[in-house]
Structures are given as structure tokens and as C-alpha cells.
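Asker: Sequence and predicted structure below; questions after.
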4 protein chains.
Amino acid sequence: MKEYQFSSEFQVRDYECDIQGHVNNSVYLNYLEHCRHEYLKQLGLEFPELVSRGISLVVIRAELDYKWSLRSGDRFMVGVILEKISPLRYRFLQDIYLLPEKKLVLKARVTGTGVNAKGKPELPQEIVLALDRVS
Amino acid sequence: MKEYQFSSEFQVRDYECDIQGHVNNSVYLNYLEHCRHEYLKQLGLEFPELVSRGISLVVIRAELDYKWSLRSGDRFMVGVILEKISPLRYRFLQDIYLLPEKKLVLKARVTGTGVNAKGKPELPQEIVLALDRVS
Amino acid sequence: MKEYQFSSEFQVRDYECDIQGHVNNSVYLNYLEHCRHEYLKQLGLEFPELVSRGISLVVIRAELDYKWSLRSGDRFMVGVILEKISPLRYRFLQDIYLLPEKKLVLKARVTGTGVNAKGKPELPQEIVLALDRVS
Amino acid sequence: MKEYQFSSEFQVRDYECDIQGHVNNSVYLNYLEHCRHEYLKQLGLEFPELVSRGISLVVIRAELDYKWSLRSGDRFMVGVILEKISPLRYRFLQDIYLLPEKKLVLKARVTGTGVNAKGKPELPQEIVLALDRVS
């Protein structure tokens, strides 16, 4: 397992599973987002507070490799590495592991940017600082 | 706009929008899945019926490029092209366009395979036939 | 079937079904909300536009009688009757029927009120007018 | 606060919030269901395992009184009391409280029954025993 900058632990809830008894593909994006927001919060960035100031953080690309399916009751962890990839873009590397055996479930690369109130790409200063801090 | 093998039209529902007033990233995967299942149905493959016979169709990779954000009440279409990429794998190219102006919202490439009741990759014969029909 | 003031038609999507193959209980609330918002839109009230003006319409009570379970692919309609029950409260009577046989699936009574920017109950004038129009 | 037979603690995730910045009404049903399933698990009843044996536990009525709105990041607990109300029916009394101040957020009464593989109401013996144990 890689060294992650941040990680959080979850448990599958039954309503997240579909007819096949697996967690539905789209729900993994919920897990990933929740973990990113938790990490941002730890870095001092409250997502809803940014929204209220007219700053949107938006995902522009997501690559997801599904390696194993989570099922009802499974415990898992999401690990995150955040990196700056250009003056306007950052990327979250996020991996999900089934617990306790740490079997790889999903590998994700999520690229994002900031959008200001005028709809133009712009990374707010505090995000730049947070990115500098972790890079 | 490309020539699609299949397309369906949707409208954003308010409960699909998040604090930012946009459709949440994960919800696009719901739209894409629904459109794939509609297409499979037209090709003679009922998803829940496959499940009841022990056959799972699983997504193994998804690449999503978010180009524009859908908002409350927006009408949009999802276009699909299905192609065989190996004896065991198929890929859906799926694009979402805002209507009526046909502005590109999302480009997706979703790769899948079949898994039999023993958990081994296997494309059921009828899916192979459907893939041959569309390729 | 009662005479409804408004109705809309839906189709179950596979991702709305749970391990049991039925639409999950919570998803019916999504259907009901979407239908209420569609009706409000027809009455001239755009839900997101109200939000942007600091007015929240909130549900304060919901009673749901589940009579039959919707399954993958089922078509259904939601019928609505809106009525004023006090100067500050309104109620939606909403019934869901499986189509084409019009079998009753769910009966709901959803009571709501308005909340102004200060967090106090208040029905905006245009909602009062809409309620007077339909009562 | 009442004496509950079981309780669990949660935290609101941003994707559960809607345009108004509140947890969407339907999401509370997810919280309630997850807590009921956790409680059933503690009583020795695994929900997905019941499904695989052809037994469905279905909600037939839900009454929900929304007293306060949860928002992004809020911590809360769900308390449960399970009671038998007839040979074929049971009821969950479930209350949600904002933490740490224990402000009441939602009061719910959820009535359910069991359905056997033939679609007839039937409470499996182990559920009857569990109900006797808690009553």
C-alpha cells in the first residue's frame, strides 16, 4: 500500500447496493468525494463555505479502475494523495481497499480546478497554499 | 455530433443537484448506466434477468471528462456507441449533450466485462452476438 | 382513481433498485419531490429560483403507505392534489400507480411550510396565491 | 431523550445535501434504514442473507416528522425502539438527534412486515424470536 497523505474508513450501507448485491458504480464517486472533502477540511478548506463565497471546486476528469466489488457490510478505507499538476489544476490519487485484508478495490485519479463567480478557472489563494503545503 | 447507435433523453431532477446547484458528479454515472441498460434492453438483454441467471455485467474502467455542468431542469441527451475491444471486453463510448443547443457536457468511455456465477470473466453468448451485431 | 390537479409519468431505473430487486423505500421520496417541483413549476414557482431568493419550502411531515413494490423497468404515474391547510401550511396528497394497469403503489400525504431568510415560517405571497388558485 | 434499544452515530456527507444546503428529505430514509439494518444485524438477522433465502422485510407505512434540518458536516445519532404490533407486523420508532446538543431532528414510525417467496405476508421464525426478545 502506498503512503497516503490522508485516509478515511467507511462501511458499505445496504441502500448503496444494487440488484447484483454490489455497491453501485456511481456510489464509489460518493465515497471518493466525501473523502476528498474530509481531507480539504483538514487542510482548512470547508467545501460549503467555499460555495457560499462563490468559489466552486469542480472535477474536470475522473479515471476509475474497478478491481473488486464491495458488498453489503464491507469495511473499507480510502487513501488520498493530492498533487498540483499546473497553476490551475490539481489531482487527487485515490485508492480504495477492502478491510481488514487491504485488497485493492478501486484506483482513481480525479483532476479538478477552481471556478470563480464569473465562471472562469481560478484557484483561490488558500487552495494554492494548501497545494503547496502538501506537494 | 457523432453518429450514435442509441440515445435517450433525460431531464435533471432537483434532488440530483448538490449544494453548488449542479448535478453531482456521481449522478452522471447513474445517467450513463440507465442509458446503457436501455440500449442493452433494445438489443434483447434485460439487465435484471441476466442477474437472476447468475451473470453479472461489470464495469472495469470508466474515464469521464466533465466539460460543462448540468443544472436544475436542464434537458439533455446521452448518446451511446458500443464496441467489442477483445474476446472478453466491450466498451461504451457515451457522450452527454445539453439540449436543445447540443452543448457537450460529458464524454465517457466505460469498459466492461461479464462475470459468471463462479466469479470468472465470461461474456455470455447472447452478449457476444449483440456485440457482433453492432460492431 | 381520484381526479388529480397534476400528474407525471416515470420509469424505474435499475440504479434505483436495491438488493431485493425493488425500488428502495427512500427513492419514492425522490419521485414524489420531483413531481411536486414539476407541479410548482407549472404554477409559476421555480424551486431553485426560490432558493436563490432565500426562501425555503420545507417538508414538515410525510406519511407514506407502501401498497406495492415497483421493480426494474416499471412505468408509473404520480398524481398530485395540493391544498392549503392553514395560513402557513399546505399539503400535497400524492398517489403512485403502476402503469398501464393503474395498480396503487403508494399513497402519500406531504405537509410543508415556507421558511424565510431569518428561519421563520412564512409563506411567500406567490405561494399563497398559487394555493388560492388551486383550492 | 428516550431510552433506545439501539443507536448509531453518523455524519452528514456533502453529497447528501441539496440546493438548499440541507440534507434532502429522502436521505433521512437512508439513515433510518441503515440504522434498522445495523440493529437487525445485532439481533442476528443479516438483511442480505434473508434476501438470498427468499425472505423480504418490507416497509408498509412510514410516518416522518421533520423538526430540524441537518446540514453539511453535522454529526447526529439515530435511536431505535423495535416493537411487535401484531402477529405479522412490527414497528420501529426511530428518532434522529443533532449532536452534541441532542436537538431533535426527526421522529419516525416505520411499520413493516415480512413477505415469503410466494409473496404472502409471513414473519420468519427468527424475526418472531427477535421481536419477542426485545418486547
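Answerer: Yes, it's here. Residues are numbered from 1 along each chain as shown, chains lettered A, B, ... in the order given.
Asker: Run through chain A and note the low-pLDDT ranges.
Answerer: Filtered on pLDDT under 70, chain A yields the residue ranges A:135.
Asker: Tell me where it has strands.
Answerer: When secondary structure is read from DSSP state E, chain A shows strands at A:6-11, A:56-66, A:75-86, A:89-99, A:103-115.
Asker: can you list contacts of the fourth one?
Answerer: Put plainly, it is strand A:89-99. Residues from elsewhere that reach strand A:89-99 (Cβ atoms under 8 Å, 6 or more residues apart in numbering or on different chains): A:1-2, A:4, A:9, A:28, A:31-32, A:35-36, A:60, A:68, A:70, A:74-85, A:103-113, A:123, A:127, A:131. Every residue, glycine included, has its C-beta placed from N, CA and C.
Asker: Just the buried residues of the residues you listed.
Answerer: Taking 16 or more other Cβ atoms under 10 Å in any protein chain shown as the criterion, what is buried in the contacts of strand A:89-99 is A:4, A:28, A:31-32, A:35-36, A:60, A:70, A:74, A:76-82, A:84, A:105-106, A:108-113, A:123, A:127, A:131.
Asker: Tell me if I'm right that A:Gly114 and A:Glu122 touch.
Answerer: Yes. When contacts are counted by Cβ atoms under 8 Å, A:Gly114 is listed as touching A:Glu122 (5.5 Å).
Asker: Just the buried residues of the helix ranked longest in chain A, please?
Answerer: For chain A, the longest helix by residue count, based on DSSP state H, is helix A:25-42. Across helix A:25-42, burial judged by 16+ other Cβ under 10 Å covers A:25-41.
Asker: when you check chain C, which of the residues you listed turn up near it?
Answerer: Among those, the residues lying close to chain C (Cβ under 8 Å from any Cβ of the partner chain) are A:Ser26.
Asker: Which of A:Gly114 and A:Glu122 has more residues huddled nearby?
Answerer: Comparing A:Gly114 with A:Glu122 by other Cβ atoms under 10 Å in any protein chain shown, the one with more neighbours is A:Gly114, at 19 against 15.
Asker: excluding its backbone neighbours, what's nearest the more buried one?
Answerer: Excluding its sequence neighbours, the residue lying closest to A:Gly114 (Cβ to Cβ, 6 or more residues apart in numbering or on different chains) is A:Leu123, at 4.4 Å.
Asker: And for A:Gly79?
Answerer: In space, and not counting its chain neighbours, A:Gly79 is closest to A:Tyr4: 3.4 Å by Cβ to Cβ, 6+ apart.
Asker: what residues does chain A put near chain C?
Answerer: Chain A has residues A:Asp14, A:Tyr15, A:Cys17, A:Asp18, A:Ile19, A:Gly21, A:Asn24, A:Ser26, A:Ser72 near chain C, with proximity defined as Cβ under 8 Å from any Cβ.
Asker: what about 6 Å?
Answerer: Chain A has residues A:Tyr15, A:Cys17, A:Ile19, A:Gly21, A:Asn24 near chain C, with proximity defined as Cβ under 6 Å from any Cβ of the partner chain.
Asker: Contact partners for the second one?
Answerer: Pointing back at A:Cys17 there. Residues near A:Cys17 by Cβ atoms under 6 Å, 6 or more residues apart in numbering or on different chains: A:Val23, A:Ser72, C:Ile19.
Asker: okay, now the last one: neighbour count?
Answerer: Applying the criterion other Cβ under 10 Å, we find 22 residues in the vicinity of C:Ile19.
Asker: Any idea what A:Glu63 is bridged to?
Answerer: A:Arg109, B:Glu63 (DSSP bridges).
Asker: whoops, A:Phe92 was the one
Answerer: Assigned bridge partners for A:Phe92, using DSSP bridges, are A:Leu82, A:Val110.
Asker: any idea how far it lies from C:Ser69?
Answerer: 39 Å (Cβ to Cβ, to the nearest Å).
Asker: likewise A:Glu46?
Answerer: Relative to C:Ser69, and taking Cβ to Cβ, A:Glu46 is found at 40 Å.
Asker: who's more crowded, these two?
Answerer: Looking at A:Glu46 and C:Ser69 with other Cβ under 10 Å, you find the greater number of neighbours at C:Ser69, namely 22 against 14.
Asker: Quick check on the more buried one: phi, psi?
Answerer: Phi and psi for C:Ser69, reported as degrees, to the nearest 10, are phi -100, psi 130.
Asker: Would you mind confirming that it is in contact with C:His22?
Answerer: Yes. Proximity of C:Ser69 to C:His22 meets the contact threshold set by Cβ atoms under 6 Å, at 4.1 Å.
Asker: Pick the one among the contacts of A:Cys17 closest to chain B.
Answerer: Chain B lies nearest to C:Ile19 out of those, by Cβ to the nearest Cβ, at 10.6 Å.
Asker: Would you mind naming what in chain A lies close to chain B?
Answerer: A:19-20, A:25-26, A:29-30, A:48, A:51, A:56, A:59-66.
Asker: again, 8 Å this time
Answerer: Within reach of chain B by Cβ under 8 Å from any Cβ, chain A has these residues: A:19-20, A:22, A:24-27, A:29-30, A:33, A:47-48, A:51, A:56, A:58-66, A:69.
Asker: touching chain D at all, stretch A:18-26?
Answerer: Yes. Using Cβ under 8 Å from any Cβ, stretch A:18-26 reaches chain D at A:Gly21.
Asker: where does that stretch sit relative to the chain's centre, distance-wise?
Answerer: The chain centroid and the centroid of stretch A:18-26 are separated by 20 Å under Cα atoms, centre = their mean, to the nearest Å.
Asker: now stretch A:60-73
Answerer: Counting by Cα atoms, centre = their mean, stretch A:60-73 is centred 12 Å from the centre of its parent chain.
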